[in-house]
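Undergrad: with the sequence up front, the predicted model follows.
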Amino acid sequence: MLFQFAQNAEKLEYPDKKLVADILKGFNTWRYKRSQPSDIALLQEFIGQAVAFGHPISFVLYWGKGLRAQSGANERACLNYLSEMGSRISEVYGPGAQFDILYTDTHAMLNGHRPADIEEYRKCLVADCGDDFRVWRLSEVVTASKVTDRDVGDVQPFGVEEMVSRLVGCAEKWYLGHGRAIDGATRYFWMNMVERIAVERTFPSSVFVTFNGAEMRPLFPEGLPVFYMYSVKKGTSIKPWFMDEPEGTLAQSGIAQAVSA
């Protein structure tokens with residue numbers, strides 16, 4: 001179902017360091033990034049590996065769901081912003097960039113959204129993405145990777161309680177599932193511990209893109225470089241699926257209507 005380029009594919013001669021630097025310079029600017037990448041040396045290594053095999057620079061990112069059951073102008077603005085960043089790479093590197101979007105249906109279910117709304121939003125997202133982005137359900141990625149709770153191992157280096165405390169604030173806004181916000185935040189944390197392994201196994205050559213800040217680094221694939229970027233334009237970090245959509249008031253999901261009732 002999912003793939004990255006084979007490691008035994010025909011490798012070109014060692015990539016031009018200047019080309020690698022030019023590719024990095026094309027997107028690693030304050031026009032897109034909200035903070036420095038997690039590991040610049042690893043990021044350069046991933047770019048160099050793609051260049052050596054003549055493959056696009058691969059990016060993978062999570063895409064969530066807010067209260068709306070349909071996408072709107074903000075989602076399309078985000079996709080255009082990502083496309084613009086990819087175009088910067090294409091200007092200096094022929095194969096360009098490739099984006100894989102992982103629709104976090106697992107998180108939407110945890111947050112208490114109706115399955116029908118989750119699927120409706122996914123279909124809207126797929127339509128918005130067209131042929132420019134590949135969209136996958138995160139649940140399918142986890143299943144295909146065969147990762148289980150037993151693979152999580154020791155997560156103490158960054159502290160479970162500290163991370164959960166950071167997640168509670170967001171849960172208080174968006175968690176509509178069973179139990180308290182802290183219960184949702186705790187479940188979300190452990191869910192991410194499994195998912196980050198699944199993503200790294202499935203996309204071992206990709207740069208992980210997130211609209212979150214560096215304080216959320218423990219939630220993301222441990223062995224992938226993380227690129228922290230704005231969501232729709234420089235200076236804006238709120239995720240597009242959480243933004244109000246004036247023309248989409250009729251597209252609010254049933255869960256949102258229940259909250260306002």
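TA: That came in fine, so what should we check first?
Undergrad: give me the distance between the two termini of stretch 90-97.
TA: End-to-end distance for stretch 90-97: 7 Å, by C-alpha to C-alpha, to the nearest Å.
Undergrad: in it, what's buried?
TA: Residues of stretch 90-97 classed as buried: S90, Y93, G96, A97 (neighbour count, 16 or more other C-beta atoms under 10 Å). Any C-beta I mention is one placed from the backbone N, CA and C, and that applies to glycine too.
Undergrad: check contacts around the residue lying closest to S90 once chain neighbours are set aside.
TA: Nearest non-adjacent residue to S90, counting by C-beta to C-beta, 6 or more residues apart in numbering: G96, 3.8 Å away. By C-beta atoms under 8 Å, 6 or more residues apart in numbering, the residues touching G96 are P56, I57, G86, S87, I89, S90.
Undergrad: Y121 versus Q70, what's the distance?
TA: Separation of Q70 from Y121 (C-beta to C-beta, to the nearest Å): 6 Å.
Undergrad: could you list the low-pLDDT ranges of this structure?
TA: Scanning the chain for pLDDT under 70 picks out the ranges 1-15, 154-158, 246-261.
Undergrad: so which residues of it form strands?
TA: For the chain, the strands defined by DSSP state E cover 57-63, 97-103, 134-137, 207-210, 226-228.
Undergrad: what sits up against the shortest one?
TA: For strand 226-228, the surrounding residues in contact (C-beta under 8 Å, 6+ apart) are 27-28, 33-39, 43, 59, 207-214, 217, 220.
Undergrad: if you look at the buried residues of stretch 90-97, which of them are in helices?
TA: Within the buried residues of stretch 90-97, residues falling in helices by DSSP state H are S90.
Undergrad: ok, which pair from the buried residues of stretch 90-97 is furthest apart?
TA: Y93 and A97 (8.3 Å; C-beta to C-beta).
Undergrad: joint contacts of these two?
TA: I57.
Undergrad: that's all I had, so thanks and see you.
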